[in-house]
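Asks: sequence plus predicted model, see below.
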Amino acid sequence: MPCVRFHPAIDEIPAPAWDALAGDQPSLSHAYLSALETSGCVSPRTGWTPRHAALWEGDTLLAACPDGAGAGSIFYSIHRSADDGATWTAVRGDPVQLVNAGGVSFAATDADHLVATSGGSADVHGSLKVTADGGATWSAVTDPAVPDTGWGWVGAPGPNWFYLVAVDSARGYYWSHDKGATWTWTEMS
């Protein structure tokens, strides 16, 4: 079963596996990211802490996302595959920027509609962002307001549906049946 692991250094991930996903994008190459980290350009001292997301099935790298936390934010770029994961292409546009509040969660109803959340810290709360163009542009969602400890999870159980749960939410959850355009609170008894 595939699982996501976060790596605090790019050198924890085999270069050939990483580069097979990065394709011909020099700024995503294993060598480039490794040079940034080993030189100290990317480090907690400079305000940027590497934290690369990787989807593994056993020893096979299925998907990867270079990531880092800096200045209170984390950035994720969206990549697509049209050949069942054999090759990946970055979506043109800006990466989604989330408040670095601990955990992150992503869900998609289709190739265009995604929701990204962060949460886990009462000090910095979290983020809720949506895209309707496959990750090329992102919009912050302000209704519902971000809970004190942020968002803990977002899921997409159907073609138009999202569910959204706050980190500290034992009382209920939000749902959207219009691909994240509007959200409705449901109280649990």
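Replies: Perfect, I can see it now. Numbering: from 1, shown residues only.
Asks: care to break this protein down by domain?
Replies: Listed by automatic domain parsing, the domain ranges of the chain are 1-70, 72-189.
Asks: deepest of those, which one?
Replies: Greatest average neighbour count among these goes to domain 72-189 (a mean of 17), per mean count of other CB atoms under 10 Å. Bear in mind the C-beta positions are built from the backbone N, C-alpha and C, glycine included.
Asks: name the next helix or strand downstream of the helix or strand of the chain with the lowest mean pLDDT, please.
Replies: Least confident helix or strand of the chain, by mean pLDDT, DSSP states H and E, is strand 68-70 with a mean of 53. Using DSSP states H and E, the next helix or strand after strand 68-70 towards the C-terminus is strand 73-76.
Asks: tell me what that next one is packed against?
Replies: strand 96-99, strand 103-108 (3 or more CB pairs under 8 Å, 6 or more residues apart in numbering; DSSP states H and E).
Asks: got the CA coordinates for it in CSV?
Replies: Provided in CSV are the C-alpha atoms of strand 73-76 (Å, rounded to 0.1, in the frame of the first residue of the first chain):
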residue,chain,number,x,y,z
SER,A,73,4.9,29.4,5.0
ILE,A,74,5.2,26.2,3.0
PHE,A,75,4.9,25.9,-0.8
TYR,A,76,3.7,23.0,-2.9
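Asks: quick revisit: worst average pLDDT in the domains of the chain?
Replies: Across these, the stretch with the lowest average pLDDT is domain 1-70; it has a mean of 80.
Asks: roughly how far apart are S118 and A63?
Replies: Using CB to CB, to the nearest Å, we find S118 at a distance of 19 Å from A63.
Asks: ugh, wrong one, I meant S176
Replies: S176 sits at a distance of 25 Å from A63 (criterion: CB to CB).
Asks: same check, this time on D84
Replies: Distance of D84 to A63, given as CB to CB: 12 Å.
Asks: swap in V130?
Replies: Using CB to CB, one obtains 21 Å as the distance from V130 to A63.
Asks: and what of D112?
Replies: 19 Å.
Asks: wait, P157 touches Y163, no?
Replies: Yes - using CB atoms under 8 Å, P157 is in contact with Y163, at 6.7 Å.
Asks: and the closest residue to D11 other than its chain neighbours, how far from T49?
Replies: Excluding its sequence neighbours, the residue lying closest to D11 (CB to CB, 6 or more residues apart in numbering) is S34, at 5.7 Å. To T49, S34 is 15 Å away according to CB to CB.
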